[in-house]
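# Here's a sequence, model it:
(3 chains)
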Amino acid sequence: MKKWIVILCLLLVPALASAGDRTLFVYNWTEYMPDEVLTAFEEKTGINVVYSTYDSNESMYAKVKLTQGKGYDVVFPSTYFVHKMRKEGLLSPIDHASLANFKHLDPVLLDKPYDPGNTYSIPYVWGSTALAFNRDQVAPEKMQSWKDLWRPEFKNRLVMNDDVREVLGVGLIINGFSVNDTDPDHIRMAYESIRSLMPNIRVFSGDSPKQPLLNLEAWAGMVWNGEAYMAAQDFPAIQYAYPEEGAIFWVDSMVIPKEARNKKEALAFIDFILEPENALLVCEYIGYAPANRTAVGMMPEELKNNPTIFPDPEDVKKGEFQTDVGDAILVYERYWERLKTGM
Amino acid sequence: MKRWIGISWVSTVFAFLYGPLLVLMVFSFNQARYTSEWQGFSLTWYASLLENQYLLDAFVNSLTVAFVSSLAATAMGTLGAFAIAWYRFAGKKLFFGLVYSVMMSPDIVMGISLLMLFVTAGIHPGFFTLLVAHITFCLPFVIVLVHARIAGFDPAVVDAARDLGAREHEVFLKIVFPMILPAVLAGWLLSFTLSLDDVIISFFVTGPGFEILPLKIYSMVKLGVTPEVNALCTILFVLTLAAVLVAHFLIKEKKK
Amino acid sequence: MNEKQGFKFFAVFLNMTWFALFVLAPGLMVVGISFLTRDISTFFAWPLTLDHYRELVDPVYAKVLKNSLVYSFNTTLLCLGIGYPFAWFLSRAPGHRRPLLLMMVIIPFWTSSLIRTYALVILMKANGIINTVLLAAGLVSEPVSMLYTDAAVYVGLVYSLLPFMILPLYAVLEKMDIRLMEAARDLGAGSFQVFIHVVLPLSLPGVMAGCIMVFLPAMGLFYIPDLLGGAKTMLVGNFIKNQFLTAGNWPFGSAASVFLLLLMVVMLGIYFFISTRFNRSQES
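Down below sits the predicted model:
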């Protein structure tokens, strides 16, 4: 019996011990931040960082919502989840005055429709979803537009992200609508377009769209720029292209849940990440573009000029950032089910 | 002739089970970061693994949860199998229904509903809730497995022992338990396996500060699973295999 | 209370309490939610409604259910076909080797299923190991398309569920008395007859347990079919997950899982009804 009490104490002690120290609970993807940055923050501030992970925005959102975000101090939702969480009052406003390094952020990425004025979110890294192809099989001029996906020679040769918003988003774009359209008629038209694309789709990739390209199972498709960049590191024939109609852009942001217990520490952390040196470390480690203009300026020329990571400002202007579509998501989901049951 | 059919069938199935792991082990020495093309031998991933404290911590947490929850589930599930096989009690049909319902509940439903339960009860998610959830989804497998073994069991043996004056716990420990041991062992093995590999339920019921390995691995998809994980799996696999073989030969020596 | 009753009380009470707290209570929550209305900011809200059950009556969902049932059923059959002889040979191995062999079955499964599935991808992809070998041996002139086919899905499903079939079968076959078979043989029965009339009937509880332990989890599984099959078919698992996470439609997702549960109860009920009938008629 005594033994059990000892064991129980051992299990409880870590929880109690950390209560005294200053601790920060970070909620992010695995390896989405280099360990050295976390350690540097701990050393500089004496704040202990506890890092937990999630595997999709959707599940992170469900969990934060159910627990009211209690227990997490900094979370990294992508574009439209910021919108959604903000609308539902899950986020705490961020005081820009207390962020000394706010000035380093790239203005191109600020004040977007998903969070006007960046009251609730600070951009972390950003990227795009556009076209990628294998030059060994596909000539670059055949991958210039989203419409090129419909070319008959790609029969059973495309990879698409396994994401309802992005796939139907392409359908919306080629019909001339916004990727954030909520009109059921427009979504139906998008669905009909994508249905005619189904024979070309070999795989919907839910994990890593670069893999089917690297595996030679797919010749082309819709890929995140970071994935294309990584793939090209090991396999230079993989090329990324921004379609004429415009790519879909996304930003992963840092937010503070409303119920966070350590808001002061959270602000210190966000400010630390905004320091150009740290933003640079992040970029080198994960291969996505930092939202930090000063950090980009410090990069080696070849990286700075890599169009896969840093698109032409013209391409950014043509593209769109996703926002939450509210109840229309039910319409999207309904058509998604039809696509995937072949009806 | 028959012997050869047996040996070749068993070896073929083992080859099927171990083939992919062999691939995984070989590729943990691959230099390439992102592709699964062979780009030269390297020990880089083993070196960086040893520095990755977060991954190692998560791994230790996973083992702890798997070990404790599988033991608890096996003990409780074995009792449950007896409850079903030997006794009549109110709500037995409901009990059966619940056992099967856990086995087929989509993970997402179980994860979310358990988290709602804990939140409603004011319990903070963490190690404890994780343990409860793991015991819960392992239990039915132990119950069904052990029950199948008891089902063909001659109750006359037990009655005879009782008539000879054996007390209930003696009947259980000396007669029944040795007979069902293979099923109990199998049930424990399955529980340990299930617990070690669960992602979705664990995601919902664990709290900040208690990270487990499968969650980390599934969350790596954003950047592509690193060869470090292959290295970790290789080490783990080789260690387990070695431990099992050593244990086997030690027991054999003793018997001689 | 004597010891026997004490033991019974303990065994029954412990399990019943656990299941009531951690299965029945959350289960009832799910049932409750399935009758509520979807709400964008709280997931579910009043008023009560039957709409979600009505929505389920749609050929799209019938197709989703059919896809899952077909995968689960075929996987169960494949596992039984591969696992039964395997478990049989295992249970006939020399006694001191059996625990080792049993451990050998399970050890591969202590490696993350995601990582194991990726290993299957490395084997089956167009420029993968199998294709490289086939091409080098001159057996094929261009890579065989294996990945993102139904066959790949079955390889993955069988690979991940096989031990759930082997272990219960082994647990039952291991205790089978060899003398019964010898007696049958002495009475002039051939191997096939011994199997049909002695071995199979005695191992039925294990077959049943194994089939349940493969079929039911296979119904909820979707990760492996998605990774190996290309995610072009929607399964019950995907559908329910999407309702909860993407669409935020908890009541509809709950209704779907309640329906699934009822379907399973009916199926198992029919099975038990027939099997008890069958046993009785055999006895008389």
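# Every contact and neighbour count from this point should use C-alpha atoms.
Fine.
# now for the helix or strand where residue A:249 lies, which elements pack on it?
Here residue A:249 sits within strand A:248-254, counting by DSSP states H and E. With contacts taken as 3 or more Cα pairs under 8 Å, 6 or more residues apart in numbering or on different chains; DSSP states H and E, strand A:248-254 sits against helix A:79-87, strand A:122-134, strand A:320-321.
# Which residue ranges of the stretch 151-300 of chain A form strands?
A:158-161, A:201-205, A:220-224, A:238-241, A:248-254, A:289-290 (DSSP state E, counting those that start in this stretch).
# where are the low-confidence patches of the chain?
With no chain named, the answer covers chain A. Low-confidence segments of chain A (pLDDT under 70): A:1-20.
# wrong one, I was asking about chain C
For chain C, the ranges with pLDDT under 70 are C:1-3, C:278-284.
# Quick check: the residue nearest the centre of it vs chain B, distance?
Centroid-nearest residue in chain C, with Cα atoms, centre = their mean: residue C:214, separated by 2.1 Å. As judged by Cα to the nearest Cα, to the nearest Å, residue C:214 and chain B stand 9 Å apart.
# before we move on, what about residue C:264?
Using Cα to the nearest Cα, residue C:264 is found at 8 Å from chain B.
# and that residue, helix, strand or coil?
helix (DSSP: H, G, I helix; E, B strand; the rest coil).
# Next, count neighbours for it.
Residue C:264 has 17 neighbouring residues, counting by other Cα atoms under 10 Å in any protein chain shown.
# Phi, psi for residue A:90 please.
Backbone torsions of residue A:90, given as degrees, to the nearest 10, read phi -90, psi -10.
# Now do the same contact list for it.
Contacts for residue A:90 (Cα atoms under 8 Å, 6 or more residues apart in numbering or on different chains) come out as A:65, A:68-69, A:257-259.
# Try it again at 10 Å.
Taking Cα atoms under 10 Å, 6 or more residues apart in numbering or on different chains, we find residue A:90 in contact with A:61, A:64-65, A:68-69, A:82, A:84, A:120, A:255-259.
# before we move on, what about residue A:244?
Taking Cα under 10 Å, 6+ apart, one finds A:143-147, A:315, A:318-319 in contact with residue A:244.
# Going by distance to residue C:231, which of these wins?
Lowest distance from residue C:231 to the contacts of residue A:244 (Cα to Cα) belongs to residue A:146, with 21.3 Å.
# For the nearest residue to that closest one once chain neighbours are set aside, grab the count of nearby residues.
Distances taken as Cα to Cα, 6 or more residues apart in numbering or on different chains put residue A:243 closest to residue A:146, at 5.8 Å, once the chain neighbours are dropped. Neighbour count for residue A:243, taken as other Cα under 10 Å: 21.
# what are the phi and psi values for residue A:142?
phi -90, psi 0.
# do residue A:144 as well
When read as degrees, to the nearest 10, the backbone of residue A:144 gives phi -120, psi -20.
# Reformat the contacts of residue A:90 as a markdown table; add neighbour count and distance to residue B:110.
Converted to a markdown table, those look like this (neighbours: other Cα atoms under 10 Å in any protein chain shown; distance: Cα to Cα, whole Å):
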| residue | neighbour count | distance to residue B:110 |
| --- | --- | --- |
| A:61 | 23 | 17 |
| A:64 | 20 | 17 |
| A:65 | 19 | 17 |
| A:68 | 19 | 19 |
| A:69 | 23 | 20 |
| A:82 | 26 | 27 |
| A:84 | 22 | 25 |
| A:120 | 23 | 32 |
| A:255 | 28 | 28 |
| A:256 | 27 | 28 |
| A:257 | 27 | 25 |
| A:258 | 18 | 27 |
| A:259 | 18 | 25 |
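# ok, which of those also contact chain C?
Taking Cα under 10 Å from any Cα of the partner chain as the test, chain C is in contact with A:61, A:65, A:84 out of the contacts of residue A:90.
# in the stretch 1-150 of chain B, which spans are helices?
Ranges of helices in the stretch 1-150 of chain B, per DSSP state H, counting those that start in this stretch, are B:2-27, B:44-51, B:53-86, B:92-104, B:107-120, B:127-151.
# who wins for proximity to residue C:158 among these?
Of all the helices of the stretch 1-150 of chain B, helix B:2-27 comes closest under Cα to Cα, at 10.1 Å.
# now for the closest one, which elements pack on it?
If you count contacts as 3 or more Cα pairs under 10 Å, 6 or more residues apart in numbering or on different chains; DSSP states H and E, helix B:2-27 packs onto helix B:227-255, helix C:59-91, helix C:98-106, helix C:113-124, helix C:150-173.
# Point out the most buried one among the ones you listed.
Comparing the helices and strands packed on helix B:2-27 by mean neighbour count (mean count of other Cα atoms under 10 Å in any protein chain shown), helix C:150-173 ranks first with a mean of 24.
# Show me what secondary structure element comes after that helix.
helix C:178-186.
# Grab the CA positions of that following helix and hand them over as PDB.
What follows is helix C:178-186, C-alpha atoms only, in PDB (Å, rounded to 0.1, in the frame of the first residue of the first chain):
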ATOM      1  CA  ILE C 178      -4.500 -34.200 -29.500                       C
ATOM      2  CA  ARG C 179      -6.100 -37.400 -28.300                       C
ATOM      3  CA  LEU C 180      -9.400 -36.400 -29.600                       C
ATOM      4  CA  MET C 181      -8.000 -36.300 -33.100                       C
ATOM      5  CA  GLU C 182      -6.100 -39.500 -32.700                       C
ATOM      6  CA  ALA C 183      -9.300 -41.200 -31.500                       C
ATOM      7  CA  ALA C 184     -11.100 -39.900 -34.600                       C
ATOM      8  CA  ARG C 185      -8.400 -41.100 -36.800                       C
ATOM      9  CA  ASP C 186      -8.400 -44.600 -35.100                       C
END
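# Now tell me what touches it from outside.
By Cα under 10 Å, 6+ apart, helix C:178-186 touches C:92, C:187-191, C:193-195, C:197-199.
# Spell out the residue ranges of the helices in the stretch 1-150 of chain A.
A:2-20, A:35-45, A:57-66, A:79-87.
# Measure how the third one sits relative to helix A:79-87, angle-wise.
Between helix A:57-66 and helix A:79-87, the angle comes out at 10 degrees (axes from the mean of the first three to the mean of the last three Cα atoms, to 10 degrees).
# chain center to helix A:57-66: distance?
Distance, stretch centre to chain centre, for helix A:57-66: 15 Å (Cα atoms, centre = their mean, to the nearest Å).
# Output the contacting helices and strands for that helix.
If contacts are counted by 3+ Cα pairs under 10 Å, 6+ apart, helix A:57-66 sits against strand A:23-28, strand A:74-75, helix A:79-87, helix B:107-120, helix B:200-205, strand C:43-45, helix C:236-245.
# Any idea which of those gets closest to residue A:202?
Closest approach to residue A:202 among the helices and strands packed on helix A:57-66 is made by helix C:236-245 (18.3 Å; Cα to Cα).
# For whichever residue of chain A sits closest to chain C, give me its contacts.
Proximity of chain A to chain C (Cα to the nearest Cα) peaks at residue A:203, 4.1 Å away. Going by Cα under 10 Å, 6+ apart, residue A:203 touches A:156-162, A:209, A:212, A:217-218, A:221, C:147-149, C:226-232.
# make it 6 Å
A:159, C:230 (Cα atoms under 6 Å, 6 or more residues apart in numbering or on different chains).
# Where does the prediction get shaky in chain B?
B:1, B:35-36, B:152-153, B:221-222, B:225, B:252-256.
# Contact residues of chain B facing chain C?
Within chain B, the positions adjacent to chain C are B:6, B:10, B:20, B:24, B:79-80, B:83, B:103-104, B:106, B:113-114, B:145, B:148-149, B:168, B:182-183, B:186, B:193, B:197, B:233 by Cα under 6 Å from any Cα of the partner chain.
# Please disregard the earlier target; I meant the stretch 151-300 of chain A.
A:203-204, A:215-217.
# Check the residues you listed for burial and list the buried ones.
By neighbour count, with 16 or more other Cα atoms under 10 Å in any protein chain shown, those hold A:203-204, A:215-217 as buried.
# Kindly report the residues of chain A close to chain B.
Residues of chain A lying near chain B (Cα under 6 Å from any Cα): A:29-30, A:50, A:52, A:54-55, A:207.
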